[in-house]
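**Student:** Quick one: sequence plus predicted model below, questions after.
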Amino acid sequence: MVNNASNISAYEGHPPNEVSNGRSRITGGPLYNVADVLALLAKGDSKTHLWTRKCIQDVAQLAFDTADVRELLKQAL
């Protein structure tokens, strides 16, 4: 998970009751507006934080830095 420290979640509904393959799914499209995410990524590395221990470990294992993660997210969007 990558977090820009200003917004933990944009989800305002109740947690979904449906579970598929052990995972809950939020329906109704993307949780975050693409333009909003791109604007946050454009603010640079100092505004983008690798948030969970697993994310930090995965990025380190790939020998990436925050700029690499930001670029991958931009390409994905």
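**Tutor:** It's in. Numbering: from 1, shown residues only.
**Student:** Point out where this protein drops to low pLDDT.
**Tutor:** 1-11, 13, 15-16 (pLDDT under 70).
**Student:** ranges for the helices of it?
**Tutor:** 34-41, 53-61, 66-76 (DSSP state H).
**Student:** Distance to residue 14 and mean neighbour count added to those helices, as TSV?
**Tutor:** No exception for glycine: its C-beta is placed from N, CA and C like everyone else's. Shown next, in TSV, are the helices of the chain (distance: least, CB to CB, whole Å; neighbours: other CB atoms under 10 Å):
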stretch	distance to residue 14	mean neighbour count
helix 34-41	23	14
helix 53-61	26	12
helix 66-76	28	13
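**Student:** Can you check which of those helices gets nearest to residue 20?
**Tutor:** helix 53-61 (21.4 Å; CB to CB).
**Student:** got the angle between the closest one and helix 66-76?
**Tutor:** Put simply, helix 53-61 runs at 100 degrees to helix 66-76, going by axes from the mean of the first three to the mean of the last three CA atoms, to 10 degrees.
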